[in-house]
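# Here is my input; please provide its structure:
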Amino acid sequence: MRNIAVVMGGFSSEKEISIKSGLVILDNLNSSEYMGYGVIIEKNRWFCKKDTFTYPVDKNDFSITLNGQKIVFDCVYNTIHGTPGEDGIFQAYLELLGVPHTSCDSYQSAITFNKRDCIAVLKPWSIHTGKHLYLNKGEEITMKDITETVGLPCFVKANRSGSSFGVSKVYGVEDLPKALQTAFDVDEEIIIESFLDGMEVSVGIYKLGKEILALPPTEIVSENDFFDYEAKYMGKSEEITPARLTVSATLAVQELSKRIYQILKLKGIARADFIFHEGTPHFIEINTNPGMSKESIIPQQIKASGQQLDQVLSAIIEDTIKNHQS
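Now for the predicted structure:
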């Protein structure tokens, strides 16, 4: 039986969502194949929760000692959203130790977590996106510069954040200063993005062996003005899987998702988000440690594909270990 560390928590505002994701992964590990250990990463302590006890993690080799027995892990299933598990820091640590992990490698994680860098990498590959303007804290910009570059309405986003923290939809010039401050409260780098009118679609993708697989797309219909935190986690949206797309449009967005996954050299489960603007999928962002909680999109898509979550998790874990050994 393999020992699997399901790592959750992290240092960001997404910590509680990450823990929800981690608990779902733990509950869906095949108990005949794996012994799952929930490992929570916090700034001041790393620990494993087993039954009602907590055990410190030895950072020298990422192990725990349980009832006098040293436990080392055959694989880490990384469900940290945000830093340090989605921006490459934790992945780099595991890579130094030689521990297999399901998320993409440290370099790819750093690129994809930074929305600006990710868009810059994809642009030479003719991936359709909206118009963007980038701003660092302390830089001066006029409201006129923003409206002339991206137009109104627009989105103001924290560059390195998830779960819609630090995101505002702006309709008027008078609302821009507040939106900028909201984003800068989360990150010192922000991205201002043109509004694209159309259906919002999310596609899960993962790789087994040499084959990249795309799950059925999900259509997101938010009760709020956009797919914000409330819509994602507090039931303020309708998520329709499969999305109400034509067969050709479904195939187009799935193939585009797989192409982006390949260009970025990802591994593990990722989720790419698009807006079908004027009939063409426009890339918004890609999440390399997507939510896996009961409210999350990926579990819905796995179910819609006719698979069981435990089967997909087993396949990804075994593929991760196999690729690491080779």
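
# From what I see, residue 310 and residue 25 are in contact.
No - checked against Cβ atoms under 8 Å, the pair residue 310 and residue 25 is beyond contact range at 9.8 Å. Where you see a C-beta, it was placed from the backbone N, CA and C, and this is true even at glycine.

# neighbour count winner among these two?
Neighbour tally, residue 310 and residue 25, criterion other Cβ atoms under 10 Å: the higher count belongs to residue 25, 23 against 17.

# Confirm that that one lies within a helix, as I assumed.
Yes - the assignment for residue 25 by DSSP: H, G, I helix; E, B strand; the rest coil puts it in a helix.

# please begin residue numbering at 9 from this point
Shifting the count to begin at 9 puts that one at residue 33.

# What count of nearby residues applies to residue 103?
Around residue 103 sit 15 other residues, with neighbours defined as other Cβ under 10 Å.

# Is it within a helix or a strand, and which one?
Counting by DSSP states H and E, the secondary-structure element that holds residue 103 is helix 97-105.

# What residues of that helix count as buried?
By neighbour count, with 16 or more other Cβ atoms under 10 Å as the criterion, the buried positions of helix 97-105 are 97-102.

# other SSEs contacting that helix?
Secondary-structure packing of helix 97-105 (3 or more Cβ pairs under 8 Å, 6 or more residues apart in numbering; DSSP states H and E): strand 83-86, helix 114-121.

# redo that, cut-off 7 Å
If contacts are counted by 3 or more Cβ pairs under 7 Å, 6 or more residues apart in numbering; DSSP states H and E, helix 97-105 sits against helix 114-121.

# which non-adjacent residue is nearest residue 317?
If you skip the residues right next to it in sequence, residue 317 has residue 36 as its closest partner in space, 4.6 Å away by Cβ to Cβ, 6 or more residues apart in numbering.

# which ones are touching that neighbour?
Counting by Cβ atoms under 7 Å, 6 or more residues apart in numbering, residue 36 touches 317-318, 321.

# will you turn the residues you listed into a markdown table that also has secondary structure and distance to residue 247?
Listed next are the contacts of residue 36 as a markdown table, based on DSSP: H, G, I helix; E, B strand; the rest coil; distance: Cβ to Cβ, whole Å:
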| residue | secondary structure | distance to residue 247 |
| --- | --- | --- |
| 317 | helix | 16 |
| 318 | helix | 22 |
| 321 | helix | 21 |
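
# mind listing what's buried in stretch 59-69?
Taking 16+ other Cβ under 10 Å as the neighbour-count basis, stretch 59-69 is seen to contain the buried residues 63, 65.
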